[in-house]
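In: sequence unknown, structure follows:
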């Protein structure tokens, strides 16, 4: 923006001095921050390296030959983890959204459906994920029913979908509830049906708001794919376990951990970025 | 036969009645202004007509059909009634154009291109042609409210309900919104509006109704109501409004 007329702005001596001081203060705080970071890292490093067990830890957890020997298998196993969450994520989104929508329908005809949705979220949010994986993974095949899957990977993914579907349903529901009732009133007053109001007015706003918490749940899901190892799926944790059992060396676990971090950190940063952006938008100011 | 007939309507929230037997007839092409203090029931009455609230007694007829019937098709009825709220309530995730074409394309099944053309024409008529692709939060309050009016008009309603549409606006923006309403009246639109703008009500209304504690206490032409009100409470209310204006 430019002002049309008025005096030209020449910075006063007072303002120049102020800016000089501010610059100097900024430099000083940057210096303090880097000095304290370096001091902390050095101290932590010295503490670990001088600990009595450091030699043994180095040998059993940080052995380079064991790392290179095990890493191809661990990496191959990690492929299974990626497949699992790539299959689970879309299913979780669909189930979560459906359950959340059913819970928002107020018509009495849908009471049984609504009750079922409440029961589902209560049950599957309440059971620890690992326990659920056991129950589905060993319980479903034990039923011996025709057509039930027996592949541990399918069973493991099913358990993850059931568990996370309940969490994600609650996230969606919070998003739906966060859209102001006046938006619904405005849509209905234009003659839109309940479903049309949901689809064109409520959900687009709700989903945008819940993307950061959803991504957060997905970071958690990516890690929890390792739990499926307990059913005998040879994914990355299992591969690491196999190697360490043979060679009495834990380095492959560190390799697996590095892989999970490499996968989740970018997603975490992306979540931060989205949250920051929506914050900025809010600050930019909307009236309603 | 009147276009809109409100017949002995009661509405209560938690046993507390806010409308107490309202009778009102609105003829086609008429403008009815509802005045009265906050909480007198003006907004509730409009929300009842638009079926956003269910009435607790009485009946409302539009074009001869009872819209408060239990088995009435609410969506179909709302399509015949346009309502504009005090707080605009535009959809923030849609452009101005999409806000206006949503109901025509989804409810009335007008082809997208045709709906967009009609929307642009309406926007042009009300001086908002260049705002079609903006999002609501980039618009001033007055512009948002004008878009909200156009959005309600796009469904070609038989009657428009205006619920204190200028109350949230800065004084200098009020006139641009009033301009639209004036144009609608000239075009023969039937309107029921709740308002605090007495000058505007006096100018535009065919009938002015004074609501007090959920009762339609007095009605008449603007001259009758504003110059020689019969009821003591109407006189009180108008004097208080005048005094606050002078300050």
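Out: That came through, no problem. Predicted, not measured: the structure shown is a model, and the values here were computed from it. Residues are numbered from 1 along each chain as shown, chains lettered A, B, ... in the order given.
In: in what helix or strand does residue B:7 lie?
Out: strand B:4-13 (DSSP states H and E).
In: which strands and helices sit next to that strand?
Out: Using 3 or more Cβ pairs under 8 Å, 6 or more residues apart in numbering or on different chains; DSSP states H and E, the elements in contact with strand B:4-13 are strand B:16-26, helix B:42-49, strand B:57-62. All C-beta atoms are positioned from the backbone trio N, CA, C, and that covers glycine.
In: right, and the helix or strand after the strand or helix carrying residue A:86?
Out: Of the helices and strands defined by DSSP H and E, residue A:86 is found in helix A:64-104. Taking DSSP H and E as the definition, the helix or strand that follows helix A:64-104 towards the C-terminus is helix A:111-126.
In: any idea what residue B:212 is bridged to?
Out: For residue B:212, the beta-bridge partners are residue B:215 (DSSP bridges).
In: give the contact list for it.
Out: Listed by Cβ atoms under 8 Å, 6 or more residues apart in numbering or on different chains, the contact partners of residue B:212 are B:36, B:37, B:40, B:233, B:234, B:237.
In: just give the closest residue to the second one, not the sequence neighbours.
Out: Counting by Cβ to Cβ, 6 or more residues apart in numbering or on different chains, residue B:37 lies nearest to residue B:237, which is 6.3 Å off, once chain neighbours are set aside.
In: is it true that the one you found touches residue B:208?
Out: No: shown here, residue B:237 and residue B:208 do not form a contact pair, counting by Cβ atoms under 8 Å, at 11.7 Å.
In: more neighbours: which of these two?
Out: Counting neighbours by other Cβ atoms under 10 Å in any protein chain shown for residue B:237 and for residue B:208 shows that residue B:208 has the greater number, 26 against 22.
In: test my guess that the more buried one contacts residue B:200.
Out: No: distance between residue B:208 and residue B:200: 11.1 Å, which falls outside the contact criterion (Cβ under 8 Å).
In: quick revisit: next step: the contacts of residue B:212 restricted to helices.
Out: Secondary structure from DSSP state H places B:233, B:234, B:237 of those in helices.
In: measure the nearest residue to the first one once chain neighbours are set aside to residue B:46 for me?
Out: Closest residue in space to residue B:233, ignoring its immediate chain neighbours: residue B:212 at 5.2 Å, by Cβ to Cβ, 6+ apart. Counting by Cβ to Cβ, to the nearest Å, the separation of residue B:212 from residue B:46 is 17 Å.
In: ranges for the strands of chain B?
Out: According to DSSP state E, chain B carries its strands in the segments B:4-13, B:16-26, B:31-35, B:57-62, B:65-66, B:81-84, B:159-163, B:190-194, B:207-212, B:215-220.
In: rewinding a little: the ones in helices among the contacts of residue B:212 into a markdown table, with extra columns for pLDDT and distance to residue B:90?
Out: Compiled in a markdown table, the ones in helices among the contacts of residue B:212 are given as follows (pLDDT from 0 to 100; distance: Cβ to Cβ, whole Å):
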| residue | pLDDT | distance to residue B:90 |
| --- | --- | --- |
| B:233 | 94 | 37 |
| B:234 | 94 | 35 |
| B:237 | 94 | 32 |
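In: so what's the most centrally placed residue in chain B up against?
Out: For chain B, the residue lying nearest the average C-alpha position, counting by Cα atoms, centre = their mean, turns out to be residue B:162 (1.5 Å). When the contact criterion is Cβ under 8 Å, 6+ apart, the partners of residue B:162 are B:46, B:83, B:84, B:149, B:181, B:191, B:192, B:193, B:194, B:195.
In: let's go with 10 Å and repeat that
Out: Taking Cβ atoms under 10 Å, 6 or more residues apart in numbering or on different chains as the criterion, residue B:162 is in contact with B:31, B:33-34, B:46, B:82-86, B:145, B:148-149, B:152, B:177, B:180-181, B:184, B:191-195.
In: residues in contact with residue B:179?
Out: Contacts for residue B:179 were tallied using Cβ under 10 Å, 6+ apart; they are B:126, B:127, B:142, B:146.
In: ok, those residues vs residue B:102, which is closest?
Out: The nearest member of the contacts of residue B:179 to residue B:102, counting by Cβ to Cβ, is residue B:146 at 16.9 Å.
In: pLDDT score for the residue lying closest to residue A:54 once chain neighbours are set aside?
Out: Counting by Cβ to Cβ, 6+ apart, residue A:54 lies nearest to residue A:48, which is 6.5 Å off, once chain neighbours are set aside. According to the per-residue confidence, residue A:48 scores 90 in pLDDT.
In: okay, now residue A:48: neighbour count?
Out: 12.
In: pretty sure it sits against residue A:55.
Out: No: at 11.7 Å, residue A:48 and residue A:55 do not qualify as touching, with contact defined as Cβ atoms under 10 Å.
In: how close does residue B:213 sit to chain A?
Out: Separation of residue B:213 from chain A (Cβ to the nearest Cβ, to the nearest Å) stands at 25 Å.
In: who touches residue A:207 in this structure?
Out: Going by Cβ under 10 Å, 6+ apart, residue A:207 touches A:93, A:97, A:172, A:175, A:176, A:214, B:93.
In: list the helices and strands the helix or strand containing residue A:142 packs on?
Out: Assigning secondary structure by DSSP H and E places residue A:142 in helix A:129-143. The contact analysis (3 or more Cβ pairs under 10 Å, 6 or more residues apart in numbering or on different chains; DSSP states H and E) places helix A:129-143 against helix A:111-126, helix A:152-178, helix A:203-224.
In: in that helix, what's buried?
Out: Taking 16 or more other Cβ atoms under 10 Å in any protein chain shown as the basis for neighbour counts, the residues of helix A:129-143 that come out buried are A:129, A:132, A:133, A:134, A:136, A:137, A:140, A:141.
In: list the residues that contact residue 66.
Out: Here I'm looking at chain A. A:59, A:60, A:243, A:244, A:247, A:248, A:249, A:250, A:251, A:252, A:254, A:255.
In: wrong chain, I was asking about chain B
Out: Residue B:66 sits next to B:5, B:7, B:59, B:60, B:72, B:77 when contact means Cβ under 10 Å, 6+ apart.
In: burial of the fourth one, as a residue count?
Out: Using other Cβ under 10 Å, residue B:60 is surrounded by 25 other residues.
In: wait, it sits on residue B:47?
Out: No: between residue B:60 and residue B:47 there is no contact, the gap being 11.6 Å when judged by Cβ under 10 Å.
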